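In: pasted the sequence and its predicted model underneath.
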Amino acid sequence: MRIMGLDFGSKTVGVAISDELLITAQGKEIIRRKEENKLRQTLARIEELIVEYDVKEIVLGLPKNMNNTEGERVELTLEFKEKLERRTGLPVSTWDERLTTVAADKAMMEAGIRREDRKEHVDKLAAVFILQGYLDMRSMKGTE
């Protein structure tokens, strides 16, 4: 069993998958789409990854505002969550993703990745931070 972490954006979805022991998160890919509302191919690719990695649960980053309020991106993310649940039949949890993109960008900067190349990887790494936070919380609670 594995858990999938998703960083849902307006034109991309960063994907991370846990190891089978639910200890670490690895970035897998960034699913790109031309238009924000065109989700059919995005959902189909997520389904393929679920089968390929034997995923039993999904964690979706929830993009709250820094003051803890919920804006339009949260609404769109919750709509995407409902579509994921209907289409996959899997439980989908949300995880506060504030600062994950900032942390991902900082990690790449510290690793010496050029600014021009960072945007190619930031969504995938943000998905890793989302999933790793969730895995760490599960481990601390003892809900493995």
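Out: Great, that's in hand.
In: can I assume residue 44 sits in a strand?
Out: No - Residue 44 is assigned helix when assessed by DSSP: H, G, I helix; E, B strand; the rest coil, not a strand.
In: look up how far residue 31 lies from it.
Out: 10 Å (C-beta to C-beta, to the nearest Å). Where C-beta positions appear, they are placed from N, C-alpha and C, glycine not excepted.
In: neighbour count: these two, which is higher?
Out: A direct count of neighbours by other C-beta atoms under 10 Å for residue 44 and residue 31 places residue 31 higher, at 23 against 11.
In: wait, residue 14 touches residue 97, no?
Out: No - using C-beta atoms under 8 Å, residue 14 makes no contact with residue 97, being 10.2 Å away.
In: who touches both of those two?
Out: Each of 7, 126 lies in contact with both residue 14 and residue 97 under the rule C-beta atoms under 8 Å, 6 or more residues apart in numbering.
In: neighbour count: the two, which is higher?
Out: residue 14 (29 against 25).
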